[in-house]
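# only geometry, no sequence info:
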């Protein structure tokens, strides 16, 4: 019986039965587990996708709320304010899918023509409300940003003309909340947009700020317009959900029904596949409902009813069962087959070893993948540091160590506190950084800080709490934004200085503005501007708001010839002086006690030069601790010196201009000021009627109803004028008849907005109002004036006694325009001068640093043998050659190119967007054009040739001047090569 039980047939059958039973049990459990995991994974992906859709739409709503807040903060938002606000939002960079942000202004059916004329007057002669047709109300799009490309099609479009859009506008108006439209075709869709997509709008109402809107009727009465954003559904859904969403078939339908007519988006066009998991979700967004059908994709492992793991277990179990049964049959068959069985076992061992080798290969592949990830991390622009909340450093990339100058010998991996001290030691205010380190102690918390380094750099820091595996950690991200910050700061300071110059502010005020602008962006610096006196023998402190008075008094008025201070030494040599430690530098030997008392440990100075290169003074920067400037600090100091020079020369020119005007006006010392006595009582009565009729916000009403403003202007009565006023408007000599005059002699038709502002100010109780306007003389000549309206005491409520003084500023305006032209233009050729060309060159350099992949080129041109022309024909002929050269350059330039005269016979050309090949072609055409166009002088033809050097601009350069230097080297290479030729930097061996 035992032999029968151990027979090959019985033993192999028993083994096969046990193995098949085990295989079935394992396969059943694996199938159930796979089905549960697949369902859970599918449900998670669906929830994540739906949440991402809702979050993205909430983000878009927040953008509109921001624009609505802009209108809430002001009674009127003009086009420039709207554009500047949205330019800071960087829509294309931060909000994918959004086509733009616009503003629809609600106008009545009878106001369409007035509205169209007003917008055309703003500089849009082709503006029209479309589509055509008479309607009770219109809501044309008057503002939209970015105002370019396909968005121009929406300019003037009236959404009230279309039912779907109108329903969204009315819902937003009645609810006061964001409202989404149904499926529409955006007016921006058209050629150049690729495959046409379904679109929708999100609108947010804008109400009168002074009118209540608690009830439905009040909101309908207070509505003035809507801010809105158009979206292409495909762009909104692009990239939503990341790699998880890419494994799903997502269909978005408008409303509650699923059908081809309401389909707005389909990530995988075509009929849905059977046998895959799917679900239908209802999403409510901005008062509107979407139906989202989500299905798994075949082969993606998402939504499939079976899993490959269970199939593998079943197949492997079957094979293994038959193998084990066969082995049992062979073992029981005979001991004779034992050797063969042993051989077979060795073969199985070999296969096992191959499997182990495969595992080792997979481990090596994983290590290589980690090396690749590490390489990617080290190549990022941002510095990355990961540590735990106890100060232990987990990881960092190469950019972080470069950014913070971490020495190679520093054992930062074992001591995170040592690494943070290394970072804090380079900051101007280490306490800010160390306080931020202590504040972040929770996961999912995000902090942002701006760190100012001692070397002048500015670094933007983001800190986020996260979880790595089972451990809590912090992710530090550092980005060098020095150039961007300095550009913004320079632009802000420049605008402030220009505004002060435009308003005629004193030189002291202008210089204080320059100094404070530098100090605000660099908290550890104290700055001063010292200027030479008229004979250049002494140096006086003109702006030093942060320095102690005793220190300023000690260095004020010191002779320039004395070499004790770094400021005087700098002025003698006309160069930059860096004193990193005043206690060790011999230049400060006589001032060390004074510097110590004033808490001055380092001093950097840079010369302030005028347009012609003469030294006007020095720009000094003082520090409380010894230190040397970095590249960013040197660039900032150079920009501050240049801006100071411009401000000084402009202020001096303004003083000279005002002095000339005073001398001119002194001829009329005995003439009285132009005065007008006017009666505005009828205007006051008209304003009272408006208030009784329910108009709460009179200034806003006047801005929206120019016809009413013109009517009120006709109610002003001119009671009396003096001789100066009559002379100002060109009245006949000797006449005193005021009946010939109207308000047009103060505010003509083009200045009606200024009159509306004056009217609003006086109506609100102001006693004094000043503005600029244009007026019409009695002989029909239009001129500009400066008005001051004074309501005499006791007449504020009636406005029946208003004194208006006017000054004709037409000539002053013209002279200011001429001064601006002289400051930026070469007087002989009419081309931009060196300063203007260098400014545009720096602007292009900044654009290249922002635009990855951008390109530009610079050309330097020099007339060949120009000195011989002056010697043989005279300077008059030389000037004619220069003008001839400038004319030929103008004929050859593109609209975006910039020409400039940078020296005596040297010219330069900036070619934005041009590579070296295009720049060489342009230079060769220009050279041939000049050589083939001789100049005729006194009946004789004078041949003119030019040598040209070309260099490409590089975003890595600190300034545009580096490219100009390379082009100048190529120019001299062309001259050495025989003149009348074009050379490039690389050809000359200077690359």
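Right, received. Where do you want to start? No experiment lies behind these values; they were computed from the predicted model shown.
# CA atoms for contacts and neighbours, from now on please.
OK.
# Let me know how buried residue 82 is, in neighbour terms.
Residue 82 sits with 19 neighbouring residues when counted by other CA atoms under 10 Å.
# contacting residues for it?
residue 143 (CA atoms under 8 Å, 6 or more residues apart in numbering).
# Per-residue pLDDT of it, please?
Per-residue confidence (pLDDT) for residue 82: 88.
# Quick check: it is in a helix.
Yes - assigned with DSSP: H, G, I helix; E, B strand; the rest coil, residue 82 falls within a helix.
# measure it to residue 125 for me?
20 Å (CA to CA, to the nearest Å).
# Same question for residue 316.
Distance from residue 316 to residue 125, by CA to CA: 79 Å.
# Poorly predicted segments of the stretch 101-250 of the chain, please.
For the stretch 101-250 of the chain, applying pLDDT under 70 flags the ranges 190-195, 239, 241-246.
# Would you map the strands across it?
Ranges of strands in the stretch 101-250 of the chain, per DSSP state E, counting those that start in this stretch, are 101-105, 107-108, 137-138, 141-145, 179-180, 199-207, 223-232, 248-254.
# Can you lay out the ones you listed as TSV showing distance to residue 397 and mean neighbour count?
Formatted as TSV, these follow (distance: least, CA to CA, whole Å; neighbours: other CA atoms under 10 Å):
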stretch	distance to residue 397	mean neighbour count
strand 101-105	39	25
strand 107-108	58	15
strand 137-138	58	20
strand 141-145	39	22
strand 179-180	45	27
strand 199-207	42	26
strand 223-232	39	24
strand 248-254	35	22
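# Which among these is found nearest to residue 949?
Ranking these by proximity to residue 949 (CA to CA) places strand 141-145 first, at 40.8 Å.
# Provide the strand pairings for the closest one, with the direction of each partner.
Paired strands of strand 141-145, with direction, are strand 101-105 (antiparallel) (DSSP bridges).
# between the partner strand and strand 223-232, what angle do the directions make?
150 degrees (axes from the mean of the first three to the mean of the last three CA atoms, to 10 degrees).
# Can you give the contact residues for strand 101-105?
With CA under 8 Å, 6+ apart as the criterion, strand 101-105 contacts 64, 86, 138-146, 224-230.
# just checking, what packs against the helix or strand hosting residue 264?
Here residue 264, judged by DSSP states H and E, is contained in strand 263-266. Helices and strands touching strand 263-266, by 3 or more CA pairs under 8 Å, 6 or more residues apart in numbering; DSSP states H and E, are helix 233-237, strand 248-254.
# That one pairs with which strands, and in what direction?
By DSSP bridges, strand 263-266 pairs with strand 248-254 (antiparallel).
# Report the distance from the partner strand to the chain centre.
Relative to its parent chain, strand 248-254 has a centroid offset of 35 Å by CA atoms, centre = their mean, to the nearest Å.
# switch to numbering from 609
Understood, numbering begins at 609; the last thing we discussed is strand 856-862.
# Tell me which residues are up against it.
Contacts for strand 856-862 (CA under 8 Å, 6+ apart): 790-791, 867, 870-876, 897-905, 910.
# Please repeat the previous calculation with a cut-off of 7 Å.
Strand 856-862 has contacts (CA atoms under 7 Å, 6 or more residues apart in numbering) with 790-791, 870-876, 897-905.
# Likewise for stretch 1533-1544?
Contacts of stretch 1533-1544 (CA under 7 Å, 6+ apart): 1496, 1500, 1549-1554.
# Mind checking which of these are in strands?
Counting by DSSP state E, the contacts of stretch 1533-1544 place 1549-1550, 1554 in strands.
# which helix in this protein runs the most residues?
The longest helix of the chain (DSSP state H) is helix 616-680.
# chain center to it, what's the gap?
That offset, for helix 616-680, works out to 42 Å (CA atoms, centre = their mean).
# okay, among the contacts of stretch 1533-1544, which ones form the most distant pair?
The widest separation within those (CA to CA) is 21.8 Å, between 1500 and 1549.
# Between the two, which has more neighbouring residues?
residue 1500 (14 against 11).
# show me what contacts the more buried one?
Here residue 1500 is in contact with residue 1534 (criterion: CA under 7 Å, 6+ apart).
# For it, report the pLDDT, please.
90.
# Same check on residue 1204?
86.
# And residue 1214, by the same measure?
So residue 1214 comes in at 88 (pLDDT).
# Please give the element, helix or strand, for it.
Judged by DSSP H and E, residue 1214 forms part of strand 1210-1217.
# roughly how far out does the helix or strand just after that strand sit from the chain middle?
Moving toward the C-terminus from strand 1210-1217, the next helix or strand (DSSP H and E) is strand 1223-1231. Chain-centre distance of strand 1223-1231: 31 Å, with CA atoms, centre = their mean.
# In terms of secondary structure, what does strand 1223-1231 contact?
strand 1134-1140, strand 1210-1217 (3 or more CA pairs under 7 Å, 6 or more residues apart in numbering; DSSP states H and E).
# got the angle between the longest one and strand 1223-1231?
In terms of direction (the same axes, to 10 degrees), strand 1210-1217 departs from strand 1223-1231 by 160 degrees.
# and strand 1210-1217, what other elements does it pack with?
Using 3+ CA pairs under 7 Å, 6+ apart: strand 1210-1217 touches strand 1185-1187, strand 1223-1231, helix 1239-1274.
# let's go with 8 Å and repeat that
Checked by 3+ CA pairs under 8 Å, 6+ apart, strand 1210-1217 has helix 1174-1181, strand 1185-1187, strand 1223-1231, helix 1239-1274 packed alongside it.
# Residue 1559 - that's part of a strand, no?
Yes - assessed by three-state DSSP, residue 1559 belongs to a strand.
# just curious, which of the contacts of stretch 1533-1544 is nearest to residue 784?
residue 1500 (56.9 Å).
# what about that closest one, distance to residue 1463?
Residue 1500 is 20 Å from residue 1463, by CA to CA.
# Residue 1289 too?
For residue 1289, the distance to residue 1463 - CA to CA - is 64 Å.
# try residue 1214
Distance from residue 1214 to residue 1463, by CA to CA: 32 Å.
# Of these two, which one has the most company?
residue 1214 (25 against 21).
# what sits against the more buried one?
1178, 1183-1185, 1226-1228, 1245-1246, 1249.
# try it again with 10 Å
1175, 1178-1179, 1182-1186, 1225-1229, 1242, 1245-1250 (CA atoms under 10 Å, 6 or more residues apart in numbering).
# of these, buried ones?
The neighbour-count criterion (16 or more other CA atoms under 10 Å) marks 1175, 1178-1179, 1182, 1184-1186, 1225-1229, 1242, 1245-1250 among the contacts of residue 1214 as buried.
# any idea which helix or strand comes after whichever strand or helix holds residue 1368?
Using DSSP H and E, residue 1368 sits in helix 1360-1371. Next in sequence after helix 1360-1371, counting helices and strands by DSSP H and E, comes strand 1376-1384.
# Can you mark which positions in that next one are buried?
For strand 1376-1384, using 16+ other CA under 10 Å, the buried residues are 1376-1378, 1380-1384.
# could I get those residues as JSON lines with distance to residue 628?
What follows is the buried residues of strand 1376-1384, written out as JSON lines (distance: CA to CA, whole Å):
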{"residue": "1376", "distance to residue 628": "103"}
{"residue": "1377", "distance to residue 628": "101"}
{"residue": "1378", "distance to residue 628": "101"}
{"residue": "1380", "distance to residue 628": "100"}
{"residue": "1381", "distance to residue 628": "100"}
{"residue": "1382", "distance to residue 628": "102"}
{"residue": "1383", "distance to residue 628": "105"}
{"residue": "1384", "distance to residue 628": "108"}
